[in-house]
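# Can you look at this prediction? I've put the sequence above it.
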Amino acid sequence: MSERDSIKEVLGKATKGDKAALGRLLTIIETSPKKASMVVSEILHEEGGAHVIGITGIPGSGKSTLISRLISHYKDKGLKIAVIAIDPTSPLSQGALLGDRIRMQEHATSPNVFIRSVPTRGVKGGLSFSGVTMIEVFDKLGYDKIIVESIGVGQTDIDIMNVAHTIVVVTTPGLGDDIQALKAGIMEIGDIYVLNKSDKPEANKTYAYLDFALDLGELGGVDKRGWQPRLLKTSAIMGEGIRELADTIEEHLDYIRSSNKYTEKIQTRRMLMVKLLAEKIFLEKLEETAENSGEVRLEKDNNLYQASINLIKKVSRELERE
Amino acid sequence: MGGAADILELIKEIRGRRIKVLVAKLGLDGHDRGAKVVARALKDAGMEVIYTGIRQSPEQVVETAIQEDVDIIGVSILSGAHIPLMERLISLLREKGIDDIPVFLGGTIPLPDIPKLEEIGVDKVFLPGTPLYDIIKYTVEAVKKKRSRGN
Ligand code: B12
Ligand SMILES: Nc1nc2c(ncn2[C@@H]2O[C@H](COP(=O)(O)OP(=O)(O)O)[C@@H](O)[C@H]2O)c(=O)[nH]1
Ligand SMILES: [Mg+2]
């Protein structure tokens, strides 16, 4: 069987609801950009209409616990839910401990739920590419809600959040008047801000502070014309505020569907797939070439800029040859 | 026994090839120290480790292995219920047509139970006090063996 045929076979099974096949398909996407591209060409001709929800916030803020509650809510409505849970790879050992699932295991055996843990991996651009491509696959397979969890640090996480239709930023009491929380970058990208752990005594103070920041326009500053960012309180542990959160997420979906933002996001996603794969291929080749090439040197009389351009040209030539 | 040089050799081997391990606590058993220690050791050796948390049913473990598409499943049991739990886990895997994912087990397992567990299909059993190096080495070799069979 040719590579393409075997990919078609796995995809066919996954489309019929075979979770083992879907599991394997996601591994293919993670491990081989060439095969991932074949998968994409098989599915690109139609789109499923999924709602991609990005959930971001610092570690420990309760994202996974909150997602588990959202899954229950969506399950009751008869929806199909996919979760992409991103955790960092250790730069030292290159290993990863993926623990988001712990909070969602009650859904492990639900027929309409599929949860996948994804390590960020060392390769530059690698995760962003596989993450975005996984979204494309879940969309095609008819998942209604695709929830992406990430800590929102670094370009990779921001890229992934950019393809979400709705971005939920989760924070907790106690961080409130710490200006770092606002500076973290992610505080600007939210459509919805959630103060989780509102069962804690300091919650009211933090809520007041965040509410003030929202009024000042310090939250949700970037390109949110037409949508006034919201602030909500939840307790994922107690199951409080989940309905309100889900309702607000739906309200935001209505908003993006009624403007042209829904299709814009899909276009962004597809553009990103091309850009990220290009980046991945190029950077991997660059590393290989720089390592193997004796020509990459900077002599006293060399021009640094010219030397860099020469290296780029060499990388392009090598890629051309493949 | 692993000296520093052996460990470095092993870690070199792990890098570059992706090994995805599921570490699962099976049954009504809150002893999670061993499982966490093992999960961390495998991670520090360079593997991608998914930890399920405590009190998992065999059904949950099998579904998790399927969705995460792991190379190998490591189970931790200190409750004494290892025989029925492992029987159920492995028969569920076989029902799903999965016979290429090695399953290994750690915890307080009485020595006389080991042959029975192997008969059920458990690839290897690790008892309390096992050096972490042995567990890392086994995991790498088991995945290598599995892949050389063409999976
Ligand atoms: C610490 C401990 C506790 C702590 C647990 C804390 C925690 N969060 O883990 C507490 C105090 C809570 C506790 C409670 C109980 N415990 Co207790 N506990 C122990 C004790 C003393 C040590 C276990 C331990 O943490 N060891 C350290 C870790 C690192 O070692 P380990 O788990 O064995 O792991 C190693 C190997 O087994 C193996 N391994 C383990 N998991 C895995 C997984 C994989 C994939 C691999 C490859 C290897 C591997 O590798 C590890 C490294 O070498 C043992 C006795 C003993 N010596 O084992 C009893 C013991 C396990 N407990 C026992 C009992 C009965 C209980 C209780 C029921 C007591 C009671 N009547 O209340 C409760 C039940 C708790 C529950 N909810 O399940 C019995 C179990 C008897 C049995 N199996 O039939 C034991 C054996 C004591 C005894 N001799 O009676 N316990
Ligand atoms: N008090 C309280 N604790 C919570 C709440 N939500 C989550 N937690 C706890 O916070 C810790 C981190 O939760 P987790 O969902 O893993 O956070 P994540 O790292 O953001 O995914 C866990 O111990 C949770 O039980 C909440 O609403 N209130
Ligand atoms: Mg999490």
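Good, I have the coordinates. Numbers count the residues shown, from 1 in each chain, chains lettered A, B, ... in the order given. Ligands and ions are numbered 1, 2, ... in the order given.
# what's the distance between the strand or helix carrying A:Tyr74 and the middle of its chain?
Under the assignment given by DSSP states H and E, the secondary-structure element containing A:Tyr74 is helix A:63-76. Averaging C-alpha coordinates over helix A:63-76 and over its chain gives two centres that are 17 Å apart (Cα atoms, centre = their mean, to the nearest Å).
# Would you indicate which residues of that helix are buried?
Residues A:63-75 are the ones in helix A:63-76 that count as buried (16 or more other Cβ atoms under 10 Å in any protein chain shown). For glycine as for every other residue, the C-beta is placed from the backbone atoms N, C-alpha and C.
# Let me have those residues in a markdown table, adding distance to A:Ser110 as columns.
Output for the buried residues of helix A:63-76, formatted as a markdown table (distance: Cβ to Cβ, whole Å):
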| residue | distance to A:Ser110 |
| --- | --- |
| A:Lys63 | 19 |
| A:Ser64 | 16 |
| A:Thr65 | 17 |
| A:Leu66 | 17 |
| A:Ile67 | 13 |
| A:Ser68 | 11 |
| A:Arg69 | 14 |
| A:Leu70 | 13 |
| A:Ile71 | 8 |
| A:Ser72 | 9 |
| A:His73 | 13 |
| A:Tyr74 | 10 |
| A:Lys75 | 6 |
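# Contacting ligand 3 as well, which ones from these?
When Cβ under 5 Å from the ion is applied, the members of the buried residues of helix A:63-76 adjacent to ligand 3 are A:Lys63, A:Ser64.
# Pop the domain breakdown of chain A in here.
A:1-45, A:46-269, A:276-321 (automatic domain parsing).
# ok, the helix ranked longest in chain B near ligand 1 or not?
Taking DSSP state H as the assignment, the helix of chain B that covers the most residues is helix B:132-148. Yes - against ligand 1, helix B:132-148 shows contacts by Cβ under 6 Å from any ligand atom at B:Ile135.
# need the contact list for A:Lys35.
A:Lys35 is in contact with A:Glu3, A:Ile7, A:Ile28, A:Ile29, counting by Cβ atoms under 8 Å, 6 or more residues apart in numbering or on different chains.
# A:Ala236 against A:Ser61, yeah?
No - counting by Cβ atoms under 8 Å, A:Ala236 stays clear of A:Ser61, with 9.4 Å between them.
# picking that back up, so is the helix holding A:Tyr74 next to ligand 2?
Yes - with Cβ under 6 Å from any ligand atom as the measure, helix A:63-76 is seen reaching ligand 2 through A:Lys63, A:Ser64, A:Thr65.
# what kind of secondary structure is B:Arg88 in?
Here B:Arg88 takes the helix state, with states given by DSSP: H, G, I helix; E, B strand; the rest coil.
# quick one, what contacts it?
Residues B:Pro58 are the ones in contact with B:Arg88 under the rule Cβ under 8 Å, 6+ apart.
# and the gap between it and A:Lys77?
From B:Arg88 over to A:Lys77 the distance is 32 Å, taken as Cβ to Cβ, to the nearest Å.
# Give me every residue in chain B lying close to ligand 1.
Where proximity means Cβ under 6 Å from any ligand atom, the interface of chain B facing ligand 1 comprises B:23, B:29-35, B:37-38, B:74-76, B:78-80, B:104, B:106-108, B:126-130, B:135.
# So which of the residues you listed sit within strands?
Restricting the residues of chain B next to ligand 1 to those inside strands, with DSSP state E as the criterion, leaves B:Val23, B:Gly74, B:Val75, B:Ser76, B:Phe104, B:Gly106, B:Gly107, B:Phe126.
# Going by secondary structure, A:Leu25 is in what exactly?
helix A:19-31.
# And the next helix or strand past that helix?
Once the chain leaves helix A:19-31, the next helix or strand it forms, by DSSP H and E, is helix A:33-43.
# Pull out the buried residues from that next one.
Counting neighbours by 16+ other Cβ under 10 Å, one finds that the buried residues in helix A:33-43 are A:Pro33, A:Lys35, A:Ala36, A:Met38, A:Val39, A:Val40, A:Glu42, A:Ile43.
# and the angle for it with helix A:19-31?
Counting by axes from the mean of the first three to the mean of the last three Cα atoms, to 10 degrees, helix A:33-43 points 130 degrees away from the direction of helix A:19-31.
# what about whatever helix or strand comes next after helix A:33-43 and ligand 2, any contact?
The first helix or strand that comes after helix A:33-43 along the chain, using DSSP H and E, is strand A:51-56. No - among the residues of strand A:51-56, none lie within reach of ligand 2 under Cβ under 6 Å from any ligand atom; the closest is 8.4 Å away.
# per-residue confidence averaged over strand A:51-56?
Per-region confidence: strand A:51-56 scores 95 on mean pLDDT.
# and that strand with helix A:63-76, angle?
Here strand A:51-56 runs at an angle of 160 degrees relative to helix A:63-76 (the same axes, to 10 degrees).
# other SSEs contacting strand A:51-56?
When contacts are defined as 3 or more Cβ pairs under 8 Å, 6 or more residues apart in numbering or on different chains; DSSP states H and E, strand A:51-56 packs onto helix A:63-76, strand A:145-150, helix A:154-162, strand A:166-171.
# CSV for these, including mean pLDDT and distance to chain B?
As requested, the helices and strands packed on strand A:51-56 are exported to CSV (pLDDT from 0 to 100; distance: least, Cβ to the nearest Cβ, whole Å):
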stretch, mean pLDDT, distance to chain B
helix A:63-76, 98, 11
strand A:145-150, 95, 14
helix A:154-162, 72, 16
strand A:166-171, 92, 20
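# Would you convert the ones you listed into CSV that also reports distance to B:Ile7?
Formatted as CSV, the helices and strands packed on strand A:51-56 follow (distance: least, Cβ to Cβ, whole Å):
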stretch, distance to B:Ile7
helix A:63-76, 33
strand A:145-150, 32
helix A:154-162, 30
strand A:166-171, 39
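# which residues does residue 63 contact?
Answering for chain A, as no chain was given. A:Lys63 makes contact with A:Ile55, A:Thr56, A:Gly57, A:Asp100, A:Glu149, A:Val170 under the criterion Cβ under 8 Å, 6+ apart.
# The intended chain is chain B.
Counting by Cβ under 8 Å, 6+ apart, B:Glu63 makes contact with A:Lys19, A:Ala108, A:Thr109.
# Count residues in the vicinity of the second one, would you?
Read that as A:Ala108. A:Ala108 has 22 neighbouring residues, counting by other Cβ atoms under 10 Å in any protein chain shown.
# wait, isn't it in contact with A:Ile115?
Yes - at 7.1 Å, A:Ala108 counts as touching A:Ile115 under the criterion of Cβ under 8 Å.
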